[in-house]
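**Q** A predicted structure for the sequence below; I have some questions about it.
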Amino acid sequence: MAENLLLDGTMPLLPLGRRKWTSVPEESVSISPFLKWPPKNWTSFTPDQKAFAAEYAANLLEQATGFHPMERTLLLKYNFLVLPGTILQVSSLETKM
């Protein structure tokens, strides 16, 4: 079911919360033929690299719907992709997830 949520980008009645990705094997969830989640060696990423990885995956999911935004606010919709230790800057507000 989780893989279907990732692939379809559908959301339940309430938005999905952040996930504890530390307990999930690397590259165990297939988001697309070109992207598996969580990324390989993500624990060694800097906070900015983690933000970029989540942003890239969120954009990939959103583009599958035919919509092509390139904003960090898209991570609010796909917040379940955010890795622990990521620092996001959304609308000039710094948020540590």
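**A** Looks like it arrived, so ask away. Numbers count the residues shown, from 1 in each chain.

**Q** So the residue lying closest to residue 86 once chain neighbours are set aside, which state does it fall into?
**A** Nearest non-adjacent residue to residue 86, counting by C-beta to C-beta, 6 or more residues apart in numbering: residue 50, 4.0 Å away. Just so you know, the C-beta spots here come from the backbone N, C-alpha and C atoms, and that holds for glycine as well. Under DSSP: H, G, I helix; E, B strand; the rest coil, residue 50 falls in the helix class.

**Q** Surely residue 50 and residue 85 touch.
**A** Yes. Using C-beta atoms under 8 Å, residue 50 is in contact with residue 85, at 6.1 Å.

**Q** Those two: which is more packed in?
**A** Neighbour count, other C-beta atoms under 10 Å: between residue 50 and residue 85, residue 50 has more, with 24 against 15.

**Q** residues making contact with stretch 44-56?
**A** 35, 39, 42, 72, 74-75, 78, 81-83, 85-88, 96 (C-beta atoms under 8 Å, 6 or more residues apart in numbering).
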